[in-house]
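Peer 1: sequence first, then the predicted structure, then my questions.
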Amino acid sequence: MKLRDTLKINALGHLEIGGADTVDLAAKYSTPLYVMDEAYIRNVCRDYTRLLSEKYPDSKIVFASKAFSTLAIYNIVKSEGLGADVVSGGELYTALKGGMSASDIYFHGNNKSREELDFAVREGVHAVVVDSEYEIELLNAVACEYDKKQKVLVRVNPGIDAHTHRFIQTTRPDSKFGFSVSGGAATEIIKTIRGKSNLEFTGLHCHIGSQIFELKPFELAVEKMTDFIASLARDGITVSELNLGGGYGVTYTSDDKPLKPYQYVDAVITKLKECISLKKIVAPKLVFEPGRSIVGEAGITLYTVGAIKDIAGIRKYIAVDGGMFENPRYALYQSKYDAVLANRATDTAVETVTVAGKCCESGDLLIENIELPQARSGDILAVFTTGAYNYSMAGNYNRNPVPPVILVNNGESEYIVRPQSYDDIISRDVVPLRLGENNK
């Protein structure tokens, strides 16, 4: 359990977040419930922006929306001076409605539709990060229709193994993302872009993976990207922006040993300055795209313990009122979490259990083999570090409602995503008239 000023155990022995007692939150809002700590989010944003202003002023932090995309989060990050990275029309729409300026938005994705590109160009996003020849043709055609010169970054694959789960590695040779630097594909695609009437090659983008704890992969990415910038300069091609993505690790369990989020950025800046000097390249605008490191540890999820099943000599299950419909990350890539009984946070752990969800799937587990006090039906279980990708990936499997999200700060709490009702779940269902006639 990684505690902090805004995540602690109070005098009642209850877990407290953002000055609010989690037992009270569960009673007020019901469970399952996503809880986000506003002060923590703002503090991480400020650490990033403070460091950049001191060490590399020509730079920008843009929030990686896929981690957690809601109107409120865009309002918060905008107020802290951040831009946004979006990967779909839906994220772009939400960012704009959340008050984000289009000029502070980078639009990513490996298979954007014509409609999404039309939306991005029409609204005036700062840059589209292109990831296929097909997209380049589409984007140029759209930009022609609006008589605009659209800035583009090229996503490149520097070929670095970041030692994470293969589903979240993005620069392996066999990856759906990016153009290879070593194979020459990236250079050729840049030349193609420079030949398009309504596209402006602005810079390069790379993202080497997620949940990375070491500095070396990021430093190696800087080495390879600046080598590429130097080679492009010899061909008379200027790289005005270098976007180095994100991927900084956070703490899910006590086995995780990440650095402070800003320490990753500090190491990258130090290495970049060194490379600029040694390779005599023009210093580009530097862009970072943290997502998980801003919101991951800011979030917890509260559950109520229901059925408890002890299979003698095999395993003890404690079932909660959530599951893979609101956190599919274990089912997807066996993500690990830490948790505590929020209403008995000072009790000693006495048994090893597996936390199961309520979905009709054997694989619907949230945590395997965690040490907890002896759980009782009605206990409140708090799972840590659920601010990133949990709500983003949630769905209505088994027709379960997606839980609401609340924001806490200085003991105050309020919805930033309202609860779903059963009526919400069926609101898009339609019964064709012919079926209705058959039932007469």
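Peer 2: Ah, there it is. Numbering: from 1, shown residues only.
Peer 1: CA only for contacts and neighbour counts going forward, please
Peer 2: Will do.
Peer 1: can you map out the helices along the stretch 251-400 of the chain?
Peer 2: 261-279, 292-295, 329-333, 390-393 (DSSP state H, counting those that start in this stretch).
Peer 1: elements contacting the longest one?
Peer 2: With contacts taken as 3 or more C-alpha pairs under 8 Å, 6 or more residues apart in numbering; DSSP states H and E, helix 261-279 sits against helix 38-55, helix 216-234.
Peer 1: distance to residue 306, mean neighbour count and mean pLDDT added to the ones you listed, as TSV?
Peer 2: What follows is the helices and strands packed on helix 261-279, written out as TSV (distance: least, C-alpha to C-alpha, whole Å; neighbours: other C-alpha atoms under 10 Å; pLDDT from 0 to 100):
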stretch	distance to residue 306	mean neighbour count	mean pLDDT
helix 38-55	30	17	97
helix 216-234	43	19	95
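Peer 1: for residue 1, find the nearest of those helices.
Peer 2: helix 38-55 (16.2 Å; C-alpha to C-alpha).
Peer 1: what lines up beside the helix or strand following the closest one in the sheet?
Peer 2: Counting by DSSP states H and E, the next helix or strand C-terminal to helix 38-55 is strand 59-64. Here strand 59-64 has these sheet partners by DSSP bridges: strand 83-86 (parallel), strand 285-288 (parallel).
Peer 1: quick one: strand 59-64 to helix 38-55, angle?
Peer 2: 150 degrees (axes from the mean of the first three to the mean of the last three C-alpha atoms, to 10 degrees).
Peer 1: residues making contact with strand 59-64?
Peer 2: 48-49, 52-53, 77, 82-86, 104-105, 285-292, 294 (C-alpha atoms under 8 Å, 6 or more residues apart in numbering).
Peer 1: let's see it at 7 Å
Peer 2: 52, 82-86, 285-291 (C-alpha atoms under 7 Å, 6 or more residues apart in numbering).
Peer 1: out of those residues, who's nearest residue 238?
Peer 2: Checking the contacts of strand 59-64 against residue 238 by C-alpha to C-alpha gives residue 285 as the nearest, at 11.8 Å.
Peer 1: tell me where the stretch 51-200 of the chain has helices.
Peer 2: 71-79, 89-97, 114-123, 133-145, 185-194.
Peer 1: give the other helices and strands that the third one contacts.
Peer 2: Which is helix 114-123. helix 133-145 (3 or more C-alpha pairs under 7 Å, 6 or more residues apart in numbering; DSSP states H and E).
Peer 1: cool, the longest one as well?
Peer 2: Helices and strands in packing contact with helix 133-145 are listed as helix 114-123; criterion 3+ C-alpha pairs under 7 Å, 6+ apart.
Peer 1: what's the mean pLDDT across the helix it packs on?
Peer 2: For helix 114-123, mean pLDDT rounds to 98.
Peer 1: if we can go back for a sec, make JSON lines out of the contacts of strand 59-64 and add distance to residue 278.
Peer 2: Output for those, formatted as JSON lines (distance: C-alpha to C-alpha, whole Å):
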{"residue": "52", "distance to residue 278": "22"}
{"residue": "82", "distance to residue 278": "30"}
{"residue": "83", "distance to residue 278": "31"}
{"residue": "84", "distance to residue 278": "32"}
{"residue": "85", "distance to residue 278": "31"}
{"residue": "86", "distance to residue 278": "34"}
{"residue": "285", "distance to residue 278": "18"}
{"residue": "286", "distance to residue 278": "18"}
{"residue": "287", "distance to residue 278": "21"}
{"residue": "288", "distance to residue 278": "22"}
{"residue": "289", "distance to residue 278": "26"}
{"residue": "290", "distance to residue 278": "28"}
{"residue": "291", "distance to residue 278": "31"}
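Peer 1: out of these, what pair is the most spread apart?
Peer 2: Farthest apart among the contacts of strand 59-64 by C-alpha to C-alpha are 52 and 86. That separation is 21.7 Å.
Peer 1: got a list of what the closest residue to residue 249 other than its chain neighbours touches?
Peer 2: Among residues not flanking residue 249 along the chain, residue 211 sits closest, at 3.9 Å (C-alpha to C-alpha, 6 or more residues apart in numbering). By C-alpha under 7 Å, 6+ apart, the contact set of residue 211 is 164, 247-250.
Peer 1: ok, so what distance separates residue 47 from residue 80?
Peer 2: 10 Å (C-alpha to C-alpha, to the nearest Å).
Peer 1: do the same with residue 352
Peer 2: 42 Å.
Peer 1: could you dump stretch 262-273 to CSV, C-alpha only?
Peer 2: In CSV, the C-alpha atoms belonging to stretch 262-273 read as follows (Å, rounded to 0.1, in the frame of the first residue of the first chain):
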residue,chain,number,x,y,z
TYR,A,262,9.3,14.0,-13.6
GLN,A,263,12.6,12.1,-13.2
TYR,A,264,12.0,10.3,-16.5
VAL,A,265,11.5,13.7,-18.2
ASP,A,266,14.6,15.1,-16.5
ALA,A,267,16.7,12.2,-17.8
VAL,A,268,15.4,12.7,-21.3
ILE,A,269,16.1,16.4,-21.3
THR,A,270,19.7,15.8,-20.1
LYS,A,271,20.3,13.3,-22.8
LEU,A,272,18.7,15.4,-25.5
LYS,A,273,20.8,18.4,-24.7
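Peer 1: which other residues reach that stretch?
Peer 2: Contacts for stretch 262-273 (C-alpha under 7 Å, 6+ apart): 47-48, 215, 218-219, 222, 248.
Peer 1: got a markdown table for the residues you listed, with distance to residue 4 too?
Peer 2: What follows is those, written out as a markdown table (distance: C-alpha to C-alpha, whole Å):
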| residue | distance to residue 4 |
| --- | --- |
| 47 | 16 |
| 48 | 19 |
| 215 | 24 |
| 218 | 27 |
| 219 | 29 |
| 222 | 32 |
| 248 | 19 |
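Peer 1: nearest to residue 91 among those residues?
Peer 2: residue 248 (21.5 Å).
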